[in-house]
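Predicted coordinates and the sequence they were generated for:
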Protein chains: 2
Amino acid sequence: MPEDCRPIGNLLSRIGDKWTILVMRVLERNEAIRFKELHRAVGGISQRMLTVTLRNLERDGLVIRTVYPTIPPRVEYALSERGAGLQEAMMPLFTWTRENAKDIYQSQIAFDLAKEDPVTAR
Amino acid sequence: MPEDCRPIGNLLSRIGDKWTILVMRVLERNEAIRFKELHRAVGGISQRMLTVTLRNLERDGLVIRTVYPTIPPRVEYALSERGAGLQEAMMPLFTWTRENAKDIYQSQIAFDLAKEDPVTAR
DNA sequence: CGGCATCCAGGGCGATACTG
DNA sequence: CAGTATCGCCCTGGATGCCG
């Protein structure tokens, strides 16, 4: 009984979804950042997905959302304590990924090549 | 310029996909394991997704697939050095998740409650 | 036994347009 | 500026059936 991995799986799925990491990475080095800034900083993300991603992070208590009811509205996002803890826990994985990305990429190339061309031919 | 996070994102998406972690966890404590065993050990996974997951892991050079051309066929899977390294890098995240799962779950409950019922009412 | 191919449903995600 | 709502595509992943 390897203890239940589902919660871990669920959480990692979320962490590993298309945008969460990128958002977390931007938050990492900023105390508080506005929606628009985040939007620009992340780059390539749609407004909708940024909203969804931030909502999920907020729901998990990983980021803190502060609304200033001014005109125009101003909303700032910041990492919570818990969020900072998660970042710390993610660091080894980041490091490992950075160090191994190239090798993995090579493996993929080799693997794909061997697939479509088992003999060397072509 | 927060360095390019895409490769990290890609990798984590894969690691965080529905099955990779569960498979890795089973492999963790086994030197070599047969497909069928893996299938039973993981539990709930379809044959197809187990195959797909293992192929991806193999493609990344994280697991080693050994085929014994006997009858009936016998195929064994084992963690590679690189795969073992990844596991190690994942440990802090596992630990963090285990330690925070309950709190996060609580946050989610509270968040959802506040959403549908901002006032306490109902 | 291992695993690929096919078919099909559900959900993730993007584009766009609209509100406070 | 921040966020919601709607629509629609595509990819993931499950079930089934066939091959070596």
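Structure received. Since we're looking at a predicted model, the values are computed, not measured. Numbers count the residues shown, from 1 in each chain, chains lettered A, B, ... in the order given.

When you work out contacts or count neighbours from here on, use the C-alpha atoms and nothing else.
OK.

Three-state assignment for the residue of chain A at minimum distance from DNA strand D, please.
Closest residue of chain A to DNA strand D, C-alpha to the nearest atom of the strand: A:K36 (3.2 Å). Three-state call for A:K36 (DSSP: H, G, I helix; E, B strand; the rest coil): helix.

Next: the one 5 residues further on.
For A:A41, the secondary structure call by three-state DSSP comes out as helix.

List the contacts of it.
A:V26 (C-alpha atoms under 8 Å, 6 or more residues apart in numbering or on different chains).

quick check, stretch A:82-101 touching chain B?
Yes. Stretch A:82-101 reaches chain B (C-alpha under 8 Å from any C-alpha of the partner chain) through A:G85, A:L86, A:A89, A:M90, A:P92, A:L93, A:F94, A:W96, A:T97, A:R98, A:A101.

Tell me how far that stretch lies from the chain's centre.
Distance of stretch A:82-101 from its chain centroid, counting by C-alpha atoms, centre = their mean, to the nearest Å, is 10 Å.

in that stretch, what counts as buried?
Going by neighbour count (16 or more other C-alpha atoms under 10 Å in any protein chain shown), the buried part of stretch A:82-101 is A:82-84, A:86-90, A:92-94, A:96-97, A:100-101.

The residues of stretch A:82-101 next to chain B in helices, which ones?
The members of those that map onto helices under DSSP state H are A:G85, A:L86, A:A89, A:M90, A:P92, A:L93, A:F94, A:W96, A:T97, A:R98, A:A101.

can you put these in a markdown table and add pLDDT?
Shown next, in a markdown table, are those (pLDDT from 0 to 100):
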| residue | pLDDT |
| --- | --- |
| A:G85 | 94 |
| A:L86 | 93 |
| A:A89 | 92 |
| A:M90 | 90 |
| A:P92 | 93 |
| A:L93 | 88 |
| A:F94 | 86 |
| A:W96 | 92 |
| A:T97 | 89 |
| A:R98 | 88 |
| A:A101 | 90 |
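
Among those residues, give me the pair with the biggest separation.
Longest distance between any two of those is 24.3 Å, between A:G85 and A:A101; criterion C-alpha to C-alpha.

Do I have it right that A:I15 meets A:I21?
Yes. In this structure A:I15 lies within contact range of A:I21 using C-alpha atoms under 8 Å: 6.2 Å.

Please list which of the buried residues of stretch A:82-101 are also close to DNA strand D.
Taking C-alpha under 7 Å from any atom of the strand as the test, DNA strand D is in contact with none of the buried residues of stretch A:82-101.

Return the closest of those with respect to A:L50.
Of the buried residues of stretch A:82-101, the one sitting nearest to A:L50 (C-alpha to C-alpha) turns out to be A:G83, at 16.9 Å.

And that closest one, which helix or strand is it part of?
For A:G83, the host element (DSSP states H and E) is helix A:81-116.

quick one: contacts for A:V67?
A:P73, A:R74, A:V75, A:E76 are the contacts of A:V67 under C-alpha under 8 Å, 6+ apart.

Give me the nearest residue to the first one, chain neighbours excluded.
So the one you mean is A:P73. A:V67 (7.6 Å; C-alpha to C-alpha, 6 or more residues apart in numbering or on different chains).

what's the spacing between A:L12 and B:V67?
Distance, A:L12 to B:V67, by C-alpha to C-alpha, to the nearest Å: 31 Å.

mind showing which ranges of chain A have poor pLDDT?
For chain A, the stretches flagged by pLDDT under 70 are A:1-6, A:29-30, A:116-122.

near DNA strand C, which residues of chain A?
Proximity of chain A to DNA strand C, by C-alpha under 7 Å from any atom of the strand, involves residues A:D17, A:K18, A:I45, A:S46, A:Q47, A:R48, A:M49, A:P72, A:P73.

Would you check which pair of those residues lies furthest apart?
A:D17 and A:P72, at 31.3 Å, using C-alpha to C-alpha across the residues of chain A next to DNA strand C.
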